[in-house]
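Engineer: turn this into a structure:
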Amino acid sequence: MRAPLIFLILIILAVLALVGYNSGWFGTPSSAPTHTTAGDILPGGPLPDGATAEPDEPVGDGGAEQLPDEAQAEAPVDPVKTPDVPSAGSFGHFAAGDLLPKSGSGYLDRTAWSPQLCFPFAEDAFANSQVYGAGGGMGPQDKPSQCDASNYSLPWRDNFCESRGHASPLCANGKGHQGQDIRPATCKKDKHWVVAAEDGIITDMGTYTVTLTGSAPPHRVYRYLHMRMNQLAVKEGAVVKAGDNLGKASNDFGGTPTTIHMHFEIRSGVAGTSTDGKAVKLHTFLPPYQSLVAAYDRKRAGQACQ
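Structural biologist: Sure, this is the predicted structure:
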């Protein structure tokens, strides 16, 4: 009788132990597997072991740079189609999308994405390529100087979507130059003032970048590269008016100097549609050339920035 009783007690204890294990009475076993899915990762929370955050979109005129923490504009209720810019050109300039031969695909967009843009130089300036122009890394061999007269004379030339490895969704292969290169009035660095494109706030300063976010809808984002960063007239958080001095055109490019010029970008403040029907998402790099042409016409006509 004694052996069967002991056996019965052992069976009862085994059953209780199994139930307790599955119910978590004794805690979670250290060997129990855990599974983390994308839905388990909260925004801003820690990533699972071995995982890495997806990198930010590369931006800039070439090389690595500090990315901006840009102010977020309100989401639009409906996509906005920006009206075409009226024909402009009381000065010599090539058409939008007409890049130097063998420098890239270009992008023909007739939209003035910033219709009342304040021309971003206080004086005259020359829009053209700094990489494929005289003295550039891919420039003509018979013109080795960046101060060559061809860089400081009309006509202007577009270089949005010029060949680059940076993400630029409106370019043919999704990559290309994200803005427009503009040389100052003379081949002198730290002399010519760069100014605010519209009323706004300086929302970021990088290693060689200054970001201005428009204070009024649609909150366009403008970015200026290669000014003399230790002699700026503004600080991050500064409120500026269109035409206010920001800094002087130079060749700051981190540890490696570039040619004397200012790289100028416009990024969308709302979703919209380009003139050829391409979807434009918030903060997409936009072709600045048409807006710059119209702004320069207004400047030459003596119209003050508003």
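
Engineer: next structured bit after the lowest-mean-pLDDT helix or strand in the chain?
Structural biologist: Lowest by mean pLDDT, DSSP states H and E among the helices and strands of the chain is strand 80-81, with a mean of 42. Later in the chain than strand 80-81, the nearest helix or strand by DSSP states H and E is strand 126-127.

Engineer: right, and the helix or strand after that following strand?
Structural biologist: Heading C-terminal from strand 126-127, the first helix or strand you meet, by DSSP H and E, is strand 180-183.

Engineer: any idea how far that next one is from the middle of the chain?
Structural biologist: 16 Å (C-alpha atoms, centre = their mean, to the nearest Å).

Engineer: do the same with stretch 294-301
Structural biologist: That offset, for stretch 294-301, works out to 25 Å (C-alpha atoms, centre = their mean).

Engineer: look at Tyr208 and say how many residues are nearby.
Structural biologist: As a burial measure, Tyr208 scores 25 neighbours (other C-beta atoms under 10 Å). The way it works is simple: take the backbone N, C-alpha and C, and place the C-beta from them, glycine included.

Engineer: use 46 as the first number for this chain going forward.
Structural biologist: Let's use 46 as the start, then, which means that last one is Tyr253.

Engineer: correct me if wrong: Ser213 contacts Lys220.
Structural biologist: Yes. In this structure, Ser213 is within contact of Lys220 by C-beta atoms under 8 Å, at 5.9 Å.

Engineer: quick one: which of these two has more around it?
Structural biologist: Between Ser213 and Lys220, counted using other C-beta under 10 Å, Ser213 has the larger neighbour count: 27 against 18.

Engineer: which residues does that one contact?
Structural biologist: Phe205, Cys206, Gly219, Lys220, Gly221, His222, Gln223, Phe330 (C-beta atoms under 8 Å, 6 or more residues apart in numbering).

Engineer: same thing with Glu168?
Structural biologist: Contacts for Glu168 (C-beta under 8 Å, 6+ apart) come out as Pro229, Ala230, His237, Trp238.

Engineer: at 7 Å instead, please
Structural biologist: Residues counted as contacts of Glu168 (C-beta atoms under 7 Å, 6 or more residues apart in numbering) are Ala230, His237.

Engineer: roughly how far apart are it and Leu277?
Structural biologist: Taken as C-beta to C-beta, to the nearest Å, the spacing of Glu168 relative to Leu277 amounts to 18 Å.

Engineer: give me the low-pLDDT residue ranges for the protein?
Structural biologist: Segments of the chain classed as low confidence (criterion: pLDDT under 70) are 46-134.

Engineer: all helices of the stretch 246-351 of the chain, in order?
Structural biologist: 334-345 (DSSP state H, counting those that start in this stretch).

Engineer: all strands of it, in order?
Structural biologist: Secondary structure of the stretch 246-351 of the chain (DSSP state E, counting those that start in this stretch): strands at 254-259, 266-270, 284-285, 290-293, 307-312, 317-318, 324-325, 330-331.

Engineer: what packs against the last one?
Structural biologist: Strand 330-331 is packed against strand 307-312, with contacts defined by 3 or more C-beta pairs under 7 Å, 6 or more residues apart in numbering; DSSP states H and E.

Engineer: show residues contacting the strand it packs on.
Structural biologist: Contacts for strand 307-312 (C-beta under 7 Å, 6+ apart): 106, 158-159, 165, 223-227, 239, 265-272, 294, 328-331, 333, 336.

Engineer: the inter-axis angle of it versus helix 334-345?
Structural biologist: Angle, strand 307-312 to helix 334-345, by axes from the mean of the first three to the mean of the last three C-alpha atoms, to 10 degrees: 120 degrees.
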